[in-house]
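Visitor: What follows is a predicted structure for the sequence shown.
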Amino acid sequence: MSANDVQDIPISGAASAAAPSSRSTLPPKEPETPGQPAERPIHAFTRARIALVRAILMAWVRAFSLKGLYGLGRFFGTCEYLCDYNRRRRVRKKLYQFFKDELSPARVRLITWRYFMRIRCDKMFYTIMDRIPRDKLLKRIKLKNIEAIDDALKSGKGVYVALCHFGSHHVAGLMMALLGYDIAGVRDDKESAVRRYIAQKYRETFPEVARMKIFYSSSFPRQIMRHMQQNGIVASLLDVDRRRGETTRMHPVNIFGEEREFLVGPVQMAIRCGATTFQGFVVSRRNFYYQLIVGEKLIDPDRPEAEDVIVQRVMQHYADNVEAFARRHPDHLMRI
């Protein structure tokens with residue numbers, strides 16, 4: 001099936017993410033697709049400020065090791081928790097939106113505090129990952145059920161990985177690239193200056209990252225479809241509950257006892273490409289260790305079903321898994 005057959009399925013609303021593909025020899029990076037948003041220049045002052053922060057963090061690592069940096073991150077996270085009243089209120093509001101009255105006030109405070117510490121530690125690590133020796137980086141991620149993706153790639157029809165707004169998937173994406181996986185990611189058009197600066201440093205340091213394919217969430221899926229049809233792997237976030245245009249395709253799901261709408265375009269693309277679909281999660285552990293969990297198959301191309309039946313089943317199953325993960329790791333909230 002040609003990518004043109006479904007080029008009218010928009011993926012607006014997918015947040016930036018990256019996911020692993022096959023470990024075959026990586027092809028040269030394709031030029032940017034015409035019509036994609038051009039990278040906004042990063043102001044010289046912003047570059048200098050980020051470079052200064054990176055230098056300070058690396059000096060701390062040299063003096064006290066990564067474990068010492070993790071302790072520093074927890075300290076600053078605690079300070080932010082105590083001082084940033086507005087953000088603290090937003091986190092509590094989000095927890096109430098999810099769990100209603102299930103959590104006691106003391107439990108909410110504990111989860112909120114852990115959220116601040118986790119976010120600060122993950123951001124510190126992400127800021128300097130290109131300055132850390134490769135062997136140390138590769139020891140800090142544990143892959144669970146990754147062989148399922150390798151087996152799915154043997155079909156030659158590609159793989160789609162559905163992520164969600166829980167966990168630091170950008171950290172795992174970089175590490176998977178270093179393991180030799182051909183990666184295609186979907187990112188937001190309005191990426192922050194810090195994220196774009198760090199991504200540029202990664203590309204300069206790691207050839208594997210420079211060869212990653214990056215697609216924009218506002219684009220039509222011609223290139224994404226082509227990547228899956230070439231037996232690649234694409235990942236994006238489906239739990240996007242707001243429309244970014246009239247053409248954005250959403251599907252109702254029941255999650256946390258209420259009905260919401262999630263993005264469905266990437267699932268339709270995977271179905272029409274015959275790609276195997278998995279759900280993935282990333283768990284942050286102590287001292288900058290991460291676990292990438294590949295869940296069960298959401299779509300098995302060898303199981304013939306009508307598209308509307310698959311969509312209905314997959315979207316609700318996806319929502320159920322997101323809710324279960326959120327209950328196990330409520331401090332892994334993102335985008336607060």
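Guide: Cool, got the structure.
Visitor: name the element residue 106 belongs to?
Guide: In the assignment (DSSP states H and E), residue 106 maps to helix 105-128.
Visitor: Following the chain onward from that helix, which element is next?
Guide: Downstream of helix 105-128, the first helix or strand assigned by DSSP H and E is helix 134-138.
Visitor: Look up how far residue 255 lies from the residue of the chain most remote from its centre.
Guide: Most distant from the centre of the chain: residue 63, at 31.2 Å, with distances by Cα atoms, centre = their mean. Taking Cβ to Cβ, to the nearest Å as the measure, residue 63 falls 45 Å from residue 255. Yep, even glycine has a C-beta here, placed from its N, CA and C like the rest.
Visitor: hmm, back to that, how would you label the residue farthest from the centre of the chain: helix, strand or coil?
Guide: helix (DSSP: H, G, I helix; E, B strand; the rest coil).
Visitor: which residues of the stretch 1-150 of the chain fall in helices?
Guide: Remark: helices assigned in the stretch 1-150 of the chain by DSSP state H, counting those that start in this stretch are 44-83, 85-99, 105-128, 134-138, 147-153.
Visitor: Turn these into CSV, including distance to residue 284 and mean pLDDT.
Guide: Formatted as CSV, the helices of the stretch 1-150 of the chain follow (distance: least, Cβ to Cβ, whole Å; pLDDT from 0 to 100):
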stretch, distance to residue 284, mean pLDDT
helix 44-83, 10, 96
helix 85-99, 16, 94
helix 105-128, 5, 96
helix 134-138, 15, 87
helix 147-153, 21, 90
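Visitor: Report how many residues lie close to the closest residue to residue 112 other than its chain neighbours.
Guide: Using Cβ to Cβ, 6 or more residues apart in numbering and skipping the chain neighbours, the partner closest in space to residue 112 is residue 91 (4.8 Å). Residue 91 has 22 neighbouring residues, counting by other Cβ atoms under 10 Å.
Visitor: ok, and the helix or strand in this protein with the lowest average confidence?
Guide: Lowest by mean pLDDT, DSSP states H and E among the helices and strands of the chain is strand 17-19, with a mean of 38.
Visitor: these two touch, right, residue 119 and residue 77?
Guide: Yes: under the criterion of Cβ atoms under 8 Å, residue 119 makes contact with residue 77 at 6.8 Å.
Visitor: how close does residue 221 get to residue 127?
Guide: Counting by Cβ to Cβ, the gap from residue 221 to residue 127 is 31 Å.
Visitor: Please identify which of the two sits among more neighbours.
Guide: For residue 221 and residue 127, the more surrounded residue by other Cβ under 10 Å is residue 221, and the numbers stand at 26 against 18.
Visitor: correct me, but that one touches residue 265?
Guide: Yes: assessed by Cβ under 8 Å, residue 221 is found in contact with residue 265 at 7.0 Å.
Visitor: what residue ranges in the stretch 101-250 of the chain score low on pLDDT?
Guide: Along the stretch 101-250 of the chain, segments meeting pLDDT under 70 span 189, 217-220, 241-247.
Visitor: Packing partners of whichever strand or helix holds residue 296?
Guide: Following DSSP H and E, one finds residue 296 within strand 290-299. Using 3 or more Cβ pairs under 8 Å, 6 or more residues apart in numbering; DSSP states H and E as the contact test, the elements touching strand 290-299 are strand 141-144, helix 147-153, strand 159-163, helix 169-178, helix 265-273, strand 276-284, helix 307-328.
Visitor: gap between stretch 169-183 and the chain center?
Guide: Centroid displacement of stretch 169-183 relative to its chain, using Cα atoms, centre = their mean, to the nearest Å, is 11 Å.
Visitor: In that stretch, which of the residues would be classed as buried?
Guide: By 16 or more other Cβ atoms under 10 Å, the buried positions in stretch 169-183 come out as 169-178, 181-183.
Visitor: Dump the C-alpha coordinates for that stretch into PDB.
Guide: C-alpha atoms of stretch 169-183 as PDB (Å, rounded to 0.1, in the frame of the first residue of the first chain):
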ATOM      1  CA  HIS A 169      10.700   9.100  26.900                       C
ATOM      2  CA  HIS A 170      13.200  11.500  25.400                       C
ATOM      3  CA  VAL A 171      15.900  10.100  27.600                       C
ATOM      4  CA  ALA A 172      15.200   6.500  26.500                       C
ATOM      5  CA  GLY A 173      14.900   7.600  22.900                       C
ATOM      6  CA  LEU A 174      18.500   8.800  22.900                       C
ATOM      7  CA  MET A 175      19.800   5.700  24.600                       C
ATOM      8  CA  MET A 176      18.000   3.500  22.100                       C
ATOM      9  CA  ALA A 177      19.700   5.400  19.300                       C
ATOM     10  CA  LEU A 178      23.000   4.700  20.900                       C
ATOM     11  CA  LEU A 179      22.200   1.000  20.900                       C
ATOM     12  CA  GLY A 180      22.100   1.100  17.100                       C
ATOM     13  CA  TYR A 181      18.400   1.300  16.500                       C
ATOM     14  CA  ASP A 182      17.200   3.300  13.500                       C
ATOM     15  CA  ILE A 183      14.900   5.900  15.200                       C
END
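Visitor: Next one: residue 329 from residue 188, what distance?
Guide: Per Cβ to Cβ, residue 329 is found 23 Å from residue 188.
Visitor: scratch that, residue 122
Guide: In terms of Cβ to Cβ, residue 122 sits 18 Å off from residue 188.
Visitor: Among these two, which residue is more densely surrounded?
Guide: Neighbour count, other Cβ under 10 Å: between residue 122 and residue 188, residue 122 has more, with 22 against 18.
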